[in-house]
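Visitor: Just to be clear, the model below is a prediction. Sequence and coordinates:
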Amino acid sequence: MIITSAQYTRDPNDTENVGISFVLEGETYQIVLGAVGNRHYNEIMRQVAAGELTIADAD
Amino acid sequence: MSKAAELAALIGSGQAQGNKNFVINGDMQCWQRATAATAASNTYSTVDRWALSESTDGAYTSERSTDTPTGTGYSLKLQVTTADTSIAAAQYSYILHEIEAQNLQSLQYGTSSAKTLTLSFWVKSNKTGTYTIVIVKRDSTAYFIPVEYTISSANTWEKKEITITPTAGSTSLITASAGAIANDNGHGIQLGFGLAWGSNYHGTSNTWSASTHYGTSNQVNWMDSTSNNFYLSQVQLEIGDVATPFEHRSFGDELLRCQRYYYQASGANIAYATLYSDSHKMYSIFHPVKMRAIPTATVTGDTGTEYNSYESHYQAYISATSNQSKNLDTLFFDAEL
């Protein structure tokens, strides 16, 4: 699973991170934080733990 | 044994009842993503609930076919498009079906009462010879059992029946505690149909193993010619030591089962955002069925930022004034295993 970038997204009031926008094989997806069991979320967390991926701060 | 006694025994065994088939979309009814030939790319690309795995130097496509065994509308057709005549040790091609763990509790794996499974399916290929199926008990500790079968006649539909006991190969892996499948929404069992297996994955037919034995050395190299095709339909995995007739489900029933793992919808303005605050509007889209996990979302149109989504619904906010219209055109939600 080739995830080339990931970035946190914020709530409407811009007070906290609520999700991750990521690019998987050229296509952009979103997943909310805490989506344990979702294969993309699990893979992002695995790659982050392995130091293979960094989630950028929200804009 | 009288017919009545046979029937009573079947009912008592848990066999021959409704919802007996652990496989979803075993008769290839549902094709939400695509029906035309699409290159296999180690993910779900055409038929629902079946992933197409390919790691050789060759390539193949999958597509919907009306060439079927009697009593079925569609089959899954695979066609080699780039041949690989020599499979390296770490290379493989196979198609796979993931079964959710909580749907498998009746198997009683991890106990001395673990049940025997029977797999039945119809298959057709121009390339005859020995093939393998594999059952992978994925949860927690992974155990593998490849089982050989033979396609005897070229270009002819053949029904295959394979029984897999929990102690196959005189093993006790499945009946020991590490053989258990958790009662949750994670991986339970993976059912695979081998097309080519490198030597790293070769094991003994009909023997459980803790090693990654997905196939055997007798498996044909189906990838060796662009003439090769492979058709599959009416796949059924059930408890018991005999194959019962295929359980036909309605299209609507099968589609809802598939949509627990993936669904898509499209159409101009399929979803409108409603007022959320002075500066934002919110999309709230309820899924057709509670999804296996919070799905990954891809949408097009006036896309927003996903917020507070759950297994039951998707939400996203977008900057908008009260008199601005915001809408989405396509929706893709993925909670596949």
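Guide: Received it, and whenever you're ready, just let me know what you need. Everything numeric here is computed off the predicted structure, so don't read it as measured data.

Visitor: For the residue of the stretch 101-250 of chain B found nearest chain A, which non-adjacent residue is spatially closest?
Guide: Nearest to chain A in the stretch 101-250 of chain B, going by C-beta to the nearest C-beta, is B:Asn185, at a distance of 5.7 Å. Where C-beta positions appear, they are placed from N, C-alpha and C, glycine not excepted. Once flanking residues are discounted, B:Asn185 sits nearest to B:Arg292: 5.1 Å by C-beta to C-beta, 6 or more residues apart in numbering or on different chains.

Visitor: pretty sure the one you found contacts B:His187?
Guide: No. Here B:Arg292 does not reach B:His187: they are 10.8 Å apart, not a contact under C-beta atoms under 8 Å.

Visitor: shared neighbours of the two, which are they?
Guide: B:100, B:337 (C-beta atoms under 8 Å, 6 or more residues apart in numbering or on different chains).

Visitor: need the contact list for the residue of the stretch 101-250 of chain B closest to chain A.
Guide: Applying C-beta under 8 Å, 6+ apart, we find B:Asn185 in contact with A:37, B:100-102, B:292-293.

Visitor: For chain A, which segments are assigned as helices?
Guide: A:39-49 (DSSP state H).

Visitor: what does chain A have sitting close to chain B?
Guide: Listed as neighbours of chain B in chain A under the rule C-beta under 8 Å from any C-beta of the partner chain: A:9-12, A:18-19, A:21, A:27-32, A:34-41.

Visitor: Repeat the analysis, applying 10 Å as the threshold.
Guide: Proximity of chain A to chain B is confined to A:1, A:9-13, A:18-22, A:24-25, A:27-42, A:58 under the rule C-beta under 10 Å from any C-beta of the partner chain.

Visitor: Just the buried residues of these.
Guide: Among the residues of chain A next to chain B, the ones that count as buried by 16 or more other C-beta atoms under 10 Å in any protein chain shown are A:9-12, A:18-22, A:24, A:29-32, A:35, A:37-41, A:58.

Visitor: Show me the residues you listed that map onto strands.
Guide: Within these, residues falling in strands by DSSP state E are A:9-10, A:18-22, A:24, A:29-32.

Visitor: bridging residues for the most centrally placed residue in chain A?
Guide: In chain A, the residue lying closest to the centroid (C-alpha atoms, centre = their mean) is A:Ile20, at 3.3 Å. Beta-bridge partners of A:Ile20, counted by DSSP bridges, are A:Tyr8, A:Ile31.

Visitor: List the residues that contact B:Trp122.
Guide: Going by C-beta atoms under 10 Å, 6 or more residues apart in numbering or on different chains, B:Trp122 touches B:27, B:68-72, B:75, B:157-160, B:231-236, B:246.
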